[in-house]
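Visitor: Only the shape, not the letters, is given here:
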């Protein structure tokens, strides 16, 4: 969220990577976060948050809309579900390990 931009450097300091949580109804809200992590060459993944009643999009449609490199993982998640959040964080760790190799 734009109101927290002044804290991003402090929050990201020492971080393994980041999860950019997206809402496909408002993808443009994600561009600032994606640019931030791309410019700092930090590993990140994109998690498409599944909302009840929201239209589902194919991964490649989301990748194209966000102009993401093919190496950036895109996963589906439900931020309301503990197991889904855990799987999202594990995907981030796996990606960060792959990027470090």
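Guide: Yes, it's here. Keep in mind that what you see is a predicted model, and the values were worked out from it rather than measured.

Visitor: Show me where the chain has its helices.
Guide: Taking DSSP state H as the criterion, the chain contains helices spanning 8-12, 31-39, 59-66, 82-100.

Visitor: In CSV: those helices, plus distance to residue 48 and mean pLDDT.
Guide: The way it works is simple: take the backbone N, C-alpha and C, and place the C-beta from them, glycine included. What follows is those, written out as CSV (distance: least, C-beta to C-beta, whole Å; pLDDT from 0 to 100):
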stretch, distance to residue 48, mean pLDDT
helix 8-12, 22, 88
helix 31-39, 13, 94
helix 59-66, 6, 93
helix 82-100, 10, 96
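
Visitor: Out of the ones you listed, which is closest to residue 51?
Guide: Ranking these by distance to residue 51, with C-beta to C-beta as the measure, places helix 82-100 first at 12.7 Å.

Visitor: Would you mind saying which of the helices of the chain lies nearest residue 45?
Guide: Evaluated over the helices of the chain, closeness to residue 45 peaks at helix 82-100, with 5.1 Å, by C-beta to C-beta.

Visitor: What are the buried residues along the closest one?
Guide: Across helix 82-100, burial judged by 16 or more other C-beta atoms under 10 Å covers 84-85, 87-89, 91-92, 95-96.
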